[in-house]
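Visitor: Turn this into a structure:
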Amino acid sequence: MFKKAFSITSGAVALSVFSVQSHAYLECGYIDVKGITVQATRDNGSAYADTLRIFVNSQGDCEGVKYAYLENSEPSYPSILSTLLSAQASGKKVSVNVKESSGISSDAHEIEWISIWE
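Guide: Residues are numbered from 1 along each chain as shown. The predicted structure is shown next:
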């Protein structure tokens, strides 16, 4: 259903103390980037204002997820947008991973990371 990514951090006290932080995400699988919507600030109050959005169509673990999105205030926004544009221009599929919980709407989840292989 969902995967968990783990990171381990240590604290410095006489003995090392470890804490495990778990972040759940969904693997949407490899998708063809058919379209990318990039919206600026909208006067009409659109939920997708200042975001990029791609269609993932409920693939892989992402049953019920129609869109993956990322707000333009995220530090990785330029890199993710350029990767999506490169994939679309070259006809390569993109592996999309999104946060487990929905965001802007029930069928839209925020992008955790993307990758291109091949």
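
Visitor: The residue nearest to Ser105 when sequence neighbours are not counted and Ile111, how far apart?
Guide: Nearest residue to Ser105 in three dimensions, chain neighbours excluded: Ala47, at 6.3 Å (Cβ to Cβ, 6 or more residues apart in numbering). (Glycine included, C-beta is placed from N, CA and C.) Counting by Cβ to Cβ, to the nearest Å, the gap from Ala47 to Ile111 is 16 Å.

Visitor: do the same with Pro75
Guide: Going from Pro75 to Ile111 by Cβ to Cβ gives 13 Å.

Visitor: ok, now Val65?
Guide: 11 Å.

Visitor: Settle it for me: which of these two has more neighbours?
Guide: Each of Val65 and Ile111 has its neighbours counted (other Cβ atoms under 10 Å); Ile111 has more, 27 against 22.

Visitor: residue ranges with poor pLDDT in the chain?
Guide: Within the chain, the ranges that satisfy pLDDT under 70 run 1-23, 118.

Visitor: same thing but 90
Guide: Residues of the chain that meet the criterion pLDDT under 90 lie in 1-25, 32-35, 42, 44-48, 56-64, 101-107, 117-118.

Visitor: Spatially central, which residue of it would that be?
Guide: Ile111 (1.1 Å; Cα atoms, centre = their mean).

Visitor: My reading is that it lies in a strand. Confirm?
Guide: Yes - checked against DSSP: H, G, I helix; E, B strand; the rest coil, Ile111 lies within a strand.

Visitor: Right, I'll call it a day here.
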